[in-house]
Every structure is written in C-alpha cells, then in structure tokens.
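>>> okay, sequence plus prediction incoming.
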Amino acid sequence: MSASAKEPRWERRKQDRPQELLAAALQLFVERGYAATRLEDVAAQAGVSKGTLYLYFDSKESLFKSVVRAHMLPLLDEAEARVDSHDGHTADLLRELILGWWQGASRSGLKGIAKLMLAESGNFPELARFYHEEITSRGDATLVRVLERGMARGEFRPLDAHALKKVIAAPIMMLMLWDQSLAPCAIAPIDSAAYLASLIDLCVHGLKA
C-alpha cells in the first residue's frame with residue numbers, strides 16, 4: 001500500500017481519539033463515580049497513555065464537562081429544533097418531545113450522566129452549577145416554550161409553565177434513575193413504553209383546555 005493510501009487512515013485514527021477518550025470517560029464516570037475515576041484509568045481504558053490524554057483535556061473537570069457536552073448538547077439541539085419546526089397541535093409536540101428525549105437518552109448515555117449528577121452534585125457543587133447552567137436550564141426553557149405555546153394557542157389551559165416544567169420532567173428523571181439502579185438487578189422492572197404512555201396521557205389530559 002502506498003504512503004498516500006495509508007495517510008487518511010492515520011488521520012482518521014487521530015481524529016477519532018478524543019471520541020474514544022470521551023467514551024472511556026463516560027463508562028468509568030458512570031461505573032465508579034467522579035471522585036473515584038482517575039485520568040490514568042481513562043487513558044488505559046481508551047488504550048492511550050496519560051500524556052496523550054493531556055493533549056486533549058487538561059484536567060479531570062475539563063474531561064467531565066466535555067463528556068457531558070458531547071452527549072447532552074446534541075439532544076438539546078434536537079429538542080429545540082423539534083419545537084422550532086413543529087406546526088401541529090402542541091399536545092403532539094409534547095408527546096414527541098418526551099419520547100424523543102427518552103430515545104435519545106437511551107442511545108447517548110444520558111441516563112448514566114443523570115444518575116452521576118444526582119450522586120455527585122453535593123460533593124462537587126461546581127460541576128452541579130456547570131450542569132445546571134449548560135444543560136438543565138436549556139431543557140427547562142424548551143419545555144416552558146412548549147407549554148406556553150399550547151396556552152397561547154388555546155390548546156392548554158392557563159397554568160404556571162415554570163412550575164409545571166419540573167412536574168413533567170421529574171417522572172422522566174425517575175425512570176432514568178430506575179433504569180440505572182434497580183432495573184439491572186431485576187427488581188420490580190418497569191415497562192418504559194407503558195410508563196411513558198401513561199405519563200403522556202396524564203400530561204395531555206391534565207393540560208387540555
């Protein structure tokens with residue numbers, strides 16, 4: 001094989017390395033927690049040296065923030081785009097948002113991050129503040145937009161959207177935590193499809209004008 005044919009594969013490998021480090025970090029952060037995860041363990045999990053890891057991330061905090069951003073920001077972008085483009089009934093938009101969030105959480109590692117943040121935020125308030133400012137606040141704002149849209153169109157009855165956003169989000173958070181804690185132990189399994197269908201039904205009928 002010629003040198004020119006080999007070069008693109010090397011370039012791809014080099015470009016893939018940050019993603020490999022992020023995937024390894026996510027796995028270890030979720031399994032061990034933030035405090036117990038060492039950078040050398042992340043590097044070993046990704047098959048690189050600790051020095052290589054430092055080429056991309058200068059601290060464990062910066063690595064953690066990059067993990068959160070890599071897995072969470074695409075989901076937030078997707079949800080906001082869904083709200084921007086929807087032209088039908090707001091109840092259908094709310095249904096799409098809840099189901100889309102769960103599907104995205106299942107494929108992205110969000111469920112593990114949610115568990116990690118609840119477990120570690122008391123010990124690392126700076127990380128909790130970062131998560132709230134960059135992730136939670138955007139998700140809350142998107143849900144408020146949906147609720148206020150429905151009220152403005154006369155599809156939802158007048159309610160406090162800012163209070164209601166947490167009431168709707170809390171059952172989804174509980175399902176994510178259950179999936180990461182008791183579900184792997186086969187204790188009181190939850191049918192996620194039936195659970196979400198019940199949540200959506202409750203929300204839609206409770207909001208209906």
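Everything's here; your move.
>>> give me the helix or strand of this structure that scores worst on average pLDDT.
Here the helix or strand of the chain ranked lowest by mean pLDDT, DSSP states H and E is helix 3-32, holding a mean of 72.
>>> how about the residue sitting nearest the centre point of the chain, phi and psi?
By C-alpha atoms, centre = their mean, the mean C-alpha position of the chain lies nearest to L110, the distance being 3.4 Å. Dihedral angles of L110 (phi, psi; degrees, to the nearest 10) stand at phi -60, psi -40.
>>> got the domain ranges for this structure?
For the chain, automatic domain parsing gives the domain ranges 1-58, 67-207.
>>> mean pLDDT for those: which is lowest?
Ranked by mean pLDDT, those bottom out at domain 1-58, with a mean of 81.
>>> the helix or strand containing T52 packs against which elements?
Using DSSP states H and E, T52 maps to helix 50-56. Here helix 50-56 touches helix 3-32, helix 39-46, going by 3 or more C-beta pairs under 8 Å, 6 or more residues apart in numbering; DSSP states H and E. Yep, even glycine has a C-beta here, placed from its N, CA and C like the rest.
>>> 10 Å - rerun?
Packed against helix 50-56 by the contact rule (3 or more C-beta pairs under 10 Å, 6 or more residues apart in numbering; DSSP states H and E) you find helix 3-32, helix 39-46, helix 60-85.
>>> which parts of it are buried?
L53 (16 or more other C-beta atoms under 10 Å).
>>> centre of the chain to it, how far?
With C-alpha atoms, centre = their mean, to the nearest Å as the basis, helix 50-56 stands 25 Å off its chain's centre.
>>> so what's the closest residue to E61 other than its chain neighbours up against?
Nearest non-adjacent residue to E61, counting by C-beta to C-beta, 6 or more residues apart in numbering: L127, 7.1 Å away. Going by C-beta atoms under 10 Å, 6 or more residues apart in numbering, L127 touches 34, 61, 64-65, 68, 116-117, 120-121.
>>> now swap in A188 and tell me
178, 182.
>>> which SS class is it?
A188 falls in the coil class when you classify it by DSSP: H, G, I helix; E, B strand; the rest coil.
>>> gap between it and K115?
Distance, A188 to K115, using C-beta to C-beta, to the nearest Å: 17 Å.
>>> how about I135?
14 Å.
>>> ok, then the element right after the helix or strand that contains W101?
Of the helices and strands defined by DSSP H and E, W101 is found in helix 90-108. The helix or strand immediately downstream of helix 90-108 is helix 110-120, counting by DSSP H and E.
>>> quick one, that next one and helix 90-108 angle?
Angle of helix 110-120 versus helix 90-108, following axes from the mean of the first three to the mean of the last three C-alpha atoms, to 10 degrees, is 80 degrees.
>>> follow-up on the earlier one: quick check: buried residues in the helix holding W101?
Under the neighbour-count criterion of 16+ other C-beta under 10 Å, helix 90-108 has 90-91, 93-98, 101-102, 104-105, 108 buried.
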